[in-house]
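In: Pasted the sequence and its predicted model underneath.
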2 protein chains.
Amino acid sequence: MDMRVVDLIKKKRDGGELSQDEISHLIRGYSGGEITDYQMAAFLMAVYFRGMTPAEIVALTREMIASGQVVDLSDIPGKKVDKHSTGGVGDKTSLVLAPLAAAAGVVVPMISGRGLAHTGGTLDKLESIPGFRVDLSLDEYRRVLASVGLVLAGPTGQLAPADKKLYALRDVTATVDSIPLIVSSILSKKVAEGIDGLVVDVKVGSGAFMSTFDQARALAEALVATGRRLGLEMRALITDMDQPLGRAVGNAVEVIESIETLKGRGPADLTELSVELAAHMVVLANRAGTVDEARQRVRECLVTGAGLEKFRAVIEAQGGDPAVIDDYRRLPRARHRRELPARRDGVITHIDAAAVGRACMQLGAGRERLDSPIDRAVGIVLHKKVGDPVEVGESLCTIAYNDVGRLPEVERVLSEAFVIASEMPPLRPLVKAIM
Amino acid sequence: MDMRVVDLIKKKRDGGELSQDEISHLIRGYSGGEITDYQMAAFLMAVYFRGMTPAEIVALTREMIASGQVVDLSDIPGKKVDKHSTGGVGDKTSLVLAPLAAAAGVVVPMISGRGLAHTGGTLDKLESIPGFRVDLSLDEYRRVLASVGLVLAGPTGQLAPADKKLYALRDVTATVDSIPLIVSSILSKKVAEGIDGLVVDVKVGSGAFMSTFDQARALAEALVATGRRLGLEMRALITDMDQPLGRAVGNAVEVIESIETLKGRGPADLTELSVELAAHMVVLANRAGTVDEARQRVRECLVTGAGLEKFRAVIEAQGGDPAVIDDYRRLPRARHRRELPARRDGVITHIDAAAVGRACMQLGAGRERLDSPIDRAVGIVLHKKVGDPVEVGESLCTIAYNDVGRLPEVERVLSEAFVIASEMPPLRPLVKAIM
């Protein structure tokens, strides 16, 4: 072989820029099994330290796209726009904004993931709905999208399989949190879905992957720049994930909160963020001329119940029981409930989102490894959020649990997650930047 | 498993210091096959970027030693001292200094390596001597050492096998040139030999692994500090490798030059460096009180022929034909010879050692990969060295070759290796620093 893999590793290690051919050689060779896991692992760690130029990120993403199929949705009229979130605690915006954007005329082909560590996953939440199928064939995916204008599916092995193989390696070699690798992983899967535009929600804060604003901005900028060079209409929002979003954290409890939000009775932060993200999707789909106009359209879909009806339609189209919308008792329900009392008077100044996510995982609602089983019935519902006054003994949250043995540790973690002080905390804007 | 490998990789990636237990877990797990090549490759690349603390290097070296046997030489009286060179072009000092040091009363258990890329290897040179066996059992190794006071052997799989496995991985993952990994690799094998002291010759210059003095000093300092913490008497010399050492580059031609040097007729630079290194071995073995006194002793062994007789004895003890010492025609000899004429009058200001090494490899005397076969008869003998005046048409070197097809490329590389100018170059000291 003329191109020696060890020389490519060395070039990146020494800060050089790889050509398109060199990146192609690496990704094709790795997908085809000619390049070993150990050489790829060394390369990934070199990328972690040296980063990649914009041209390298584009080339890497293109190769990952080319490793599989790209869905052709051109026979379905209208602009296809999706949303991607970098993951947070209590982040059920997909369940709210996808139906709202679809009701506002956007075609929404949404492929989501499962939860990992302290963050939840859209697929796990959707599967709380009895009968709901996320593992659609490409034919079913296309059929649901054409008839409902919205589909909520899981990844298939046919889209960007190189990303799947690379991600599994990154997961065990401490090379997940590298911006070039995150960007190419997200965008390769999204481009393969067949979309025209993408709104990215980059979370920042204690419960997010990126803990500082600078990191979040760097990721958002790389996503927007790379997506545009791949021909996508792009918009990125940097949003707060310092406390959980909304009040519910878990699976079935988040589905209930999403339906409540689509009924116009949701928490303010979840409603605001869902409307904002959906509005940007509407703009990218050319369904409104300005963001203000788009917000107005999305709010109408919320008030009129058009979004709720889209959600009902997609549940039905994907084999789920649409009656859950009117009867939450059809969703999995934990056997026990426990209130967590406040230990002092004051004002809530912080709720550590990562800790709430971990407590939820300990209850059984999340997974430590990609193949762990999860309990969709358990969860946490917050009664107090940052800025709320609280009296000693008042309930901070309800813990819905099945396994009594896990309760003491969960209560301990949650108690520490709530910070109560005498002074009102400064207001934190929910949307910190739009790019 | 409580200690997750991915967490250890992450700790090093983020600049943390691994504990002795953590390093032990990694090396034992890797040796035992429970830790995969890809996790180790990611770890090695993280070490490349983050380095290791002195305590980490000691722990790593200890674990590599513990992966195999440590030869117990306590029943052989006297201090055992070895020399290690980081590798150069034309560096045959081992063949000269080991017999000289042994003649001066040092017990010299020397385990050497084979050549790789443009640098030669002591074992390849020794095997030019008909019958000479370097693959000794530990029993033979000990027996030759006890009877001759000197043994010149190849590595056995029983000494530091973890280093062998790690080195093979480093070789294909661009993680060879990392000081902590170099230090632990060198010292684990040397400690396992059963020595009390070690003189290290760190080469610097165009033909060396380390091309700048600062890099060479950093390596020398890490070797001395780590070796001392492992209980060895240590001395490091930083020496010039900007032009080849001596005049002969190859295998049989280097054996001839070594014998000539032991007969007192060798080139000045090779003689000087061999005496200097041997003198430091004599000091570490407590066979002299000062370096001056030691130099005096070593020079005596040269002048009296005591060193030459030691070389004869070790050849005989290891199955070789000692008559080569008096009859070089018993060594492999190339079929053809070609002189390389100077293209202008002037003074030699530089001879690119790496280029001469590559030319020699192209002739067939060196190997590109660890398993390539080599031709021990071919080589290059320089007639001009840096500082020598030269007239146009005069021979710069003789090329001893077997394969006519390779000659044009070799001549081209060699022509470019010699730099001829009008001005005398500044003098470069051979020994640049002693630690």
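Out: In hand now; what should we look at? Everything numeric in this text was worked out from a predicted model, so none of it was measured.
In: how does chain A divide into domains?
Out: With domains defined by automatic domain parsing, chain A comprises A:5-51, A:81-325, A:332-421.
In: in the stretch 151-300 of chain A, which spans are strands?
Out: A:197-204, A:233-240, A:248-250 (DSSP state E, counting those that start in this stretch).
In: Please name the strands paired to the last one in the sheet, noting orientation.
Out: Pairing partners of strand A:248-250, with direction, according to DSSP bridges: strand A:379-382 (antiparallel).
In: Figure out how far the partner strand is from the centre of its chain.
Out: Distance of strand A:379-382 from its chain centroid, counting by CA atoms, centre = their mean, to the nearest Å, is 19 Å.
In: got a list of contacts for that strand?
Out: Surrounding strand A:379-382, the residues in contact under the criterion CB atoms under 8 Å, 6 or more residues apart in numbering or on different chains are A:244, A:247-254, A:334, A:351, A:356, A:359-360, A:363, A:365, A:396-400, A:414. Where C-beta positions appear, they are placed from N, C-alpha and C, glycine not excepted.
In: Report the buried residues of it.
Out: By neighbour count with 16 or more other CB atoms under 10 Å in any protein chain shown, strand A:379-382 contains the buried residues A:379-382.
In: got the CA coordinates for it in CSV?
Out: Extracted C-alpha coordinates of strand A:379-382, given in CSV (Å, rounded to 0.1, in the frame of the first residue of the first chain):
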residue,chain,number,x,y,z
GLY,A,379,-38.6,9.1,37.2
ILE,A,380,-38.4,12.4,39.1
VAL,A,381,-40.9,15.3,38.9
LEU,A,382,-39.6,18.6,40.2
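In: Give me the contacts around the helix or strand just after it.
Out: Remark: after strand A:379-382, the chain's next helix or strand is strand A:389-390, criterion DSSP states H and E. For strand A:389-390, the surrounding residues in contact (CB under 8 Å, 6+ apart) are A:342, A:345-348, A:384, A:396, A:420.
In: closest to residue A:263 among these?
Out: For the contacts of strand A:389-390, the residue nearest residue A:263 by CB to CB is residue A:384; the value is 22.7 Å.
In: Touching, the closest one and residue A:414? I think so.
Out: No: with contacts counted by CB atoms under 8 Å, residue A:384 stays clear of residue A:414, the gap being 11.6 Å.
In: ok, back up a step: tell me which of the domains of chain A is the most buried.
Out: domain A:81-325 (a mean of 22; mean count of other CB atoms under 10 Å in any protein chain shown).
In: which neighbours do residue A:384 and residue A:414 share?
Out: Shared contacts of residue A:384 and residue A:414 (CB under 8 Å, 6+ apart): A:396-397.
In: for residue A:10, what are its contacts?
Out: By CB under 8 Å, 6+ apart, the neighbours of residue A:10 are residue B:174.
In: Give the helix, strand or coil label for it.
Out: At residue A:10, secondary structure determined by DSSP: H, G, I helix; E, B strand; the rest coil is helix.
In: Report pLDDT for it.
Out: According to the prediction, residue A:10 has pLDDT 95.
In: out of the buried residues of strand A:379-382, who's nearest residue B:207?
Out: Residue B:207 has its nearest neighbour among those in residue A:380, at 66.2 Å by CB to CB.
In: ok, the residue nearest to the closest one when sequence neighbours are not counted - contacts?
Out: Nearest non-adjacent residue to residue A:380, counting by CB to CB, 6 or more residues apart in numbering or on different chains: residue A:249, 4.7 Å away. Contacts for residue A:249 (CB under 8 Å, 6+ apart) come out as A:89-90, A:120, A:356-357, A:360, A:365, A:379-382.
In: what do you get for residue A:248?
Out: By CB under 8 Å, 6+ apart, the contact list for residue A:248 reads A:90, A:92, A:254, A:256-257, A:379-382.
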